[in-house]
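Trainee: how does the following fold in three dimensions:
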Amino acid sequence: MGHDISGYNKAGEEIAYARFSMWNNNAILLYRLLDANQYYAGVSGSGKIATLSKGKIEVAMSAYWRIFNKSDSSAPKSDFVIWDQKQILDFIQNCLATAQKEGSVRVYFG
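Mentor: From the prediction side, this is the model:
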């Protein structure tokens, strides 16, 4: 079990992917950033798809930067934390690029 979260364009092509183990709290962060808490089902996603507007993805991107720009940069970070921050950023950036072209992006929460 775990969280497999995928973003898709209107043609149905996967444009973003993030994977978290079932007890990784960073999965919850991505759900929160996407304002998609209703798709969080504990050890995995709900298996449902949401269509997220360009505006919602822009809000997620802004929230990401607010959270991580306020982080204490002098505090040591494990490779695990750095990896998760990068995959969250990559996911949101890829979704935003698609939403800017198409107006929205579909996200599967598995």
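Trainee: drop to CA atoms for contacts and neighbour counts, all remaining ones
Mentor: Will do.
Trainee: and what about the residue nearest the centre of the chain, helix, strand or coil?
Mentor: Nearest to the geometric centre of the chain sits residue 30, at 4.1 Å (Cα atoms, centre = their mean). With DSSP: H, G, I helix; E, B strand; the rest coil as the basis, residue 30 sits in helix.
Trainee: give me the element the spatially closest residue to it that is not a sequence neighbour is part of.
Mentor: Leaving aside its chain neighbours, residue 30 sits nearest to residue 88 (6.5 Å; criterion: Cα to Cα, 6 or more residues apart in numbering). Using DSSP states H and E, residue 88 maps to helix 79-102.
Trainee: residues in contact with that helix?
Mentor: For helix 79-102, the external contacting residues (Cα atoms under 8 Å, 6 or more residues apart in numbering) are 7-10, 15-18, 26, 30, 53-54, 57-58, 60-61, 64, 104-105.
Trainee: now do the helices in this structure.
Mentor: 25-33, 54-69, 79-102 (DSSP state H).
Trainee: would you turn the ones you listed into TSV with distance to residue 46 and mean pLDDT?
Mentor: Listed next are the helices of the chain as TSV, based on distance: least, Cα to Cα, whole Å; pLDDT from 0 to 100:
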stretch	distance to residue 46	mean pLDDT
helix 25-33	11	95
helix 54-69	20	95
helix 79-102	18	93
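Trainee: mark which of the contacts of helix 79-102 are buried, thanks.
Mentor: Neighbour-count burial (16 or more other Cα atoms under 10 Å) is assigned, among the contacts of helix 79-102, to 7-9, 15-18, 26, 30, 53-54, 57-58, 60-61, 64, 104-105.
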